[in-house]
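Participant: sharing a sequence plus its predicted fold:
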Amino acid sequence: MGTGRLYTAVAVGGFRRYATYRTATAAGVFTNTVFGLILAYVFMALWDEKPHLGGYDQAQALTYVWLSQALLMAMATMGGGFEDELIERIRTGDIAIDLYRPADLQLWWLSQDAGRAMFHLLGRGVVPLAFGALCFELALPADPLTWIAFLIAVALGMVVSFSLRYLVALSAFWLLDGAGAAQMSMIAGVFCSGMLLPLNVFPGALGEVVRALPWSSLVQGPADVLLGTADPLATYAFQASWAMGLLALGRLIQSVATRRVVVQGG
Amino acid sequence: MGAPQGTYARVRDGVRAYRLIAGMWIRSTMAYRASFVMTTFGNFAATALDFAAVLLMFSRVDRLGGYSLPEVAFLYGISATSFGITDLVVGSMDRLGRRVRDGTLDTLLVRPVPVLAQVAADRFALRRLGRVTQGLLVLAYAIAVLDIDWTPLRLLMIPLMLLCGAAIFAAVFVAGGAFQFVAQDASEVQNSFTYGGTTLLQYPPTVFAKDLVRGATFVLPLAFVNWLPGLYVLGRPYPLDLPTWIAFTPPLIAAGCCALAGVAWRAGLRSYRSTGS
């Protein structure tokens, strides 16, 4: 019970920390809305040309655009979550202090990032989606159960996103400068999550590969659950297996890496 | 603030200061050459993603808003290259808000060098050549495959578009910087107009609603970067029933935008109050 309280407090702290920047949040909502608007028109032109592209009708495609904008920050698709801070702590050696704390390193950062993601889902997600629903004909479900199913997929997607970025951060133990790894991760995240274009529009084998990669849990998976084009349970199973695999890999690398810290003396 | 000086002298001082500061950052970057090569490539790859999206779209359709892939690539290439030039030259402007917040802007104010030159050259990042290279490659591809009767006038339009486009984007960056004096935490609003603007221009105007095109023509004149002069080169009809001669107005529009941005910048700088911390 005590440890549960600790990680809840860390998550609340993560939430509060981002909630402080109100002007920045408003500015970010504005940006997400502008990009949503541009993409919505591009997608309309695309679906005008080829209706039912990727199995979506136009309303579903437009819903996808606004969902991807709403999830962009929550899923940290382009990076910019806890990992920058963790990389900095590894670079400066402050990580040694963290390792002496009576808390699990991975769980600590996971809680903090969950708080951040929750804030971004509410602070940067709701308004762009509402704007999209007001200005365009979207295919949003009326059934509350579908929304709950969607939120579960979002939560699992957040864990996958965290576990990927945790690996990026741990690479700093070897590379010291995490900028390169963060950039590669950003490129993979944008391309393979479905931020650019729904993954089911990707042609042939390329489409099959990107759909099988963990990043598809971030945007494509939750969107398909909300649009009713994927089976929720199959989506969860896919997301959960990537999450568990990547978290376990993170633990393994962490234990190797922290032994390095002890050898170096921090 | 020193003795009053003419506009010419101020601009000359500014350019000289800019060159010195940018040169310093280039030298510091070149101390880590491998890192420079990698980050430039990363910059190239990151910006290539949005053209990858265009290619993916055209793997499924033949036309977008009535435009073929080479035509879209042409619009994309002009927009991405001119934006890339601006990003290289004044791309650090979005850090201004942070400097206002933490008070480090004060250091720049006491130096006998124009503040705009210092802010623009701050952390001059040569790796941003990656974006310019990517834009130029797409543009070269478009020019190579487009079936256009290349008259000298049409050829001349290309460097004209790149220069005027870069100037228009630069005006948006500087005006955005001026806005950050007021709203210190809102650098993302600037991103909507800079990154959002270049994304908008990468697609043909026929894709967008009339009001959006109107806004991009008469309110924030981004349409003069590539749409209006570019459609003349492509021999395409103009949006909003605009006359053909408007294709030749970008230099005037660019000059006007820069003048307005200069006024906004001075107003912003005058309104600056240090954090005092």
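Facilitator: Structure's in. What do you need?

Participant: B:P152: neighbour count?
Facilitator: 7 (other C-beta atoms under 10 Å in any protein chain shown). Where you see a C-beta, it was placed from the backbone N, CA and C, and this is true even at glycine.

Participant: distance between the helix ranked longest in chain A and the chain's centre?
Facilitator: Counting residues, the longest helix found in chain A (DSSP state H) is helix A:232-264. From the chain centre to the centre of helix A:232-264 is a distance of 16 Å (C-alpha atoms, centre = their mean, to the nearest Å).

Participant: got the buried residues for that helix?
Facilitator: By 16 or more other C-beta atoms under 10 Å in any protein chain shown, the buried positions in helix A:232-264 come out as A:232, A:235-236, A:238-239, A:242-243, A:246-247, A:250, A:253-254, A:257-258, A:261.

Participant: how about the residues of the stretch 151-266 of chain A near chain B?
Facilitator: A:177, A:179-180, A:183-184, A:186-187, A:190-191, A:196-197, A:201-203 (C-beta under 8 Å from any C-beta of the partner chain).

Participant: hmm, who's touching whatever helix or strand B:R266 lives in?
Facilitator: Counting by DSSP states H and E, the element that carries B:R266 is helix B:250-270. Residues outside helix B:250-270 that contact it (C-beta atoms under 8 Å, 6 or more residues apart in numbering or on different chains) are B:115-116, B:160-161, B:163-165, B:167-168, B:170-172, B:174-175, B:177-182, B:221, B:224-225, B:228-229.

Participant: mark which of these are buried, thanks.
Facilitator: B:115-116, B:160-161, B:164-165, B:167-168, B:170-172, B:174-175, B:177-181, B:221, B:224-225, B:228-229.

Participant: distance check, A:A24 against chain B.
Facilitator: A:A24 is 4 Å from chain B, where distance means C-beta to the nearest C-beta, to the nearest Å.

Participant: next: A:V10.
Facilitator: Applying C-beta to the nearest C-beta to A:V10 and chain B gives a distance of 25 Å.

Participant: what is the neighbour count of that residue?
Facilitator: Neighbours of A:V10 (other C-beta under 10 Å): 20.

Participant: could you list the low-pLDDT ranges of chain B?
Facilitator: Scanning chain B for pLDDT under 70 picks out B:1-5, B:276-277.

Participant: let's see it at 50
Facilitator: Within chain B, the ranges that satisfy pLDDT under 50 run B:1-2.

Participant: what's the longest helix in it?
Facilitator: helix B:152-182.

Participant: list the buried residues of the helix holding B:R266.
Facilitator: Neighbour-count burial for helix B:250-270 [16+ other C-beta under 10 Å]: B:P250, B:I253, B:A254, B:C257, B:C258, B:A261, B:G262, B:A264, B:W265, B:G268, B:L269.

Participant: and for stretch B:242-251?
Facilitator: Applying a neighbour-count criterion of 16+ other C-beta under 10 Å, one finds B:L242, B:I246, B:A247, B:T249, B:P250 buried in stretch B:242-251.

Participant: am I right that the fourth one is in contact with B:P221?
Facilitator: This points to B:T249. No: with contact defined as C-beta atoms under 8 Å, B:T249 does not reach B:P221; the gap is 9.3 Å.

Participant: residues making contact with stretch B:67-77?
Facilitator: B:51, B:54-55, B:58, B:62, B:64, B:135-143, B:145-146, B:201-204, B:206, B:226-227, B:230, B:233-234, B:236.

Participant: which residues of chain B fall in helices?
Facilitator: Using DSSP H, helices in chain B cover B:7-30, B:33-58, B:69-90, B:96-102, B:105-109, B:115-121, B:129-145, B:152-182, B:187-201, B:210-214, B:227-234, B:250-270.

Participant: helix/strand/coil for A:G79?
Facilitator: Of the three states, A:G79 takes coil under DSSP: H, G, I helix; E, B strand; the rest coil.

Participant: report the contact partners of it.
Facilitator: A:R165, A:V168, A:A182, A:S185, A:M186, A:G189.

Participant: name the helix or strand for the fourth one, please.
Facilitator: By that I understand A:S185. Going by DSSP H and E, A:S185 is in helix A:179-193.

Participant: alpha carbons only: can I get that helix in CSV?
Facilitator: Extracted in CSV, the C-alpha atoms of helix A:179-193 (Å, rounded to 0.1, in the frame of the first residue of the first chain):
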residue,chain,number,x,y,z
ALA,A,179,20.5,13.6,-28.8
GLY,A,180,21.2,11.2,-31.6
ALA,A,181,19.1,8.4,-30.1
ALA,A,182,16.3,10.8,-29.3
GLN,A,183,16.3,12.0,-32.9
MET,A,184,16.1,8.5,-34.3
SER,A,185,13.4,7.6,-31.9
MET,A,186,11.4,10.8,-33.0
ILE,A,187,11.7,9.8,-36.6
ALA,A,188,10.6,6.2,-35.9
GLY,A,189,7.8,7.5,-33.7
VAL,A,190,6.4,9.9,-36.3
PHE,A,191,6.7,7.6,-39.2
CYS,A,192,5.6,4.3,-37.6
SER,A,193,2.9,5.5,-35.1
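
Participant: tell me what the next helix or strand after that helix is packed against?
Facilitator: Later in the chain than helix A:179-193, the nearest helix or strand by DSSP H and E is helix A:204-212. Counting contacts by 3 or more C-beta pairs under 8 Å, 6 or more residues apart in numbering or on different chains; DSSP states H and E, helix A:204-212 packs against no other helix or strand.

Participant: what sits up against helix A:204-212?
Facilitator: In contact with helix A:204-212 (C-beta under 8 Å, 6+ apart) are residues A:F191, A:C192, A:G194, A:L199, A:N200, A:V201, A:F202, A:S216, A:Q220.

Participant: helices of the stretch 51-200 of chain A, start to end?
Facilitator: A:58-71, A:83-92, A:95-100, A:105-120, A:126-135, A:144-170, A:172-175, A:179-193 (DSSP state H, counting those that start in this stretch).

Participant: out of these, deepest packed?
Facilitator: Ranked by mean neighbour count under mean count of other C-beta atoms under 10 Å in any protein chain shown, these are led by helix A:58-71, which reaches a mean of 25.

Participant: per-residue confidence averaged over that one?
Facilitator: Averaged across helix A:58-71, pLDDT comes to 96.

Participant: helices or strands next to that helix in the packing?
Facilitator: Counting by 3+ C-beta pairs under 8 Å, 6+ apart, helix A:58-71 packs on helix A:22-49, helix A:126-135, helix A:220-227.

Participant: tell me the angle it makes with helix A:179-193.
Facilitator: With axes from the mean of the first three to the mean of the last three C-alpha atoms, to 10 degrees defining the directions, helix A:58-71 sits at 160 degrees from helix A:179-193.
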